[in-house]
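Colleague: sequence first, predicted coordinates after that:
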Amino acid sequence: MDTEDRLTSDILAALACLPFEQQAEGMRLAISQSLKYMSTSRLQGVKRRIEAELDLQLPCVAATQQVIEGQIALREIAEGAYWR
């Protein structure tokens, strides 16, 4: 397992320790800031991968997908402007 996969695994394990109803909020908080620094094409790739590989019925997966979609939408609204 490479460093990136280990970090992801550790984050997910920490979130899994939260009560089920708090996992989605924990996921949103954990990733929302970092998504701002990803390229739009990488965000779209992550979105496609989530849709293909994960269960969108799970609250933490749905929350992650919504945050990614929101970030993509903000970039479309900004039409190339640099703001976050």
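Modeller: On my side now, so go ahead.
Colleague: do you know how far the most centrally placed residue in the chain is from Ile31?
Modeller: Taking C-alpha atoms, centre = their mean, the centroid of the chain lies closest to Thr64, which sits 3.9 Å from it. Counting by C-beta to C-beta, to the nearest Å, the gap from Thr64 to Ile31 is 6 Å. C-beta: built from backbone N, CA, C; applies to glycine.
Colleague: kindly report the same for Leu74.
Modeller: Applying C-beta to C-beta, one obtains 15 Å for the distance of Leu74 from Ile31.
Colleague: host element of Ile68?
Modeller: Ile68 is part of helix 59-78 when elements are defined by DSSP states H and E.
Colleague: tell me the mean pLDDT for that helix?
Modeller: What helix 59-78 shows for mean pLDDT is 87.
Colleague: tell me what it is packed against?
Modeller: Counting contacts by 3 or more C-beta pairs under 8 Å, 6 or more residues apart in numbering; DSSP states H and E, the secondary-structure elements packed against helix 59-78 are helix 20-35, helix 40-53.
Colleague: adding mean pLDDT, mean neighbour count and distance to Pro59, write those helices out as a markdown table.
Modeller: Listed next are the helices and strands packed on helix 59-78 as a markdown table, based on pLDDT from 0 to 100; neighbours: other C-beta atoms under 10 Å; distance: least, C-beta to C-beta, whole Å:
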| stretch | mean pLDDT | mean neighbour count | distance to Pro59 |
| --- | --- | --- | --- |
| helix 20-35 | 79 | 15 | 4 |
| helix 40-53 | 90 | 12 | 14 |
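Colleague: hang on, the earlier thing: mind listing what's buried in the helix holding Ile68?
Modeller: When burial is assessed from 16 or more other C-beta atoms under 10 Å, helix 59-78 yields the following buried residues: Pro59, Cys60, Val61, Ala62, Ala63, Thr64, Gln65, Val67, Ile68, Gln71, Arg75.
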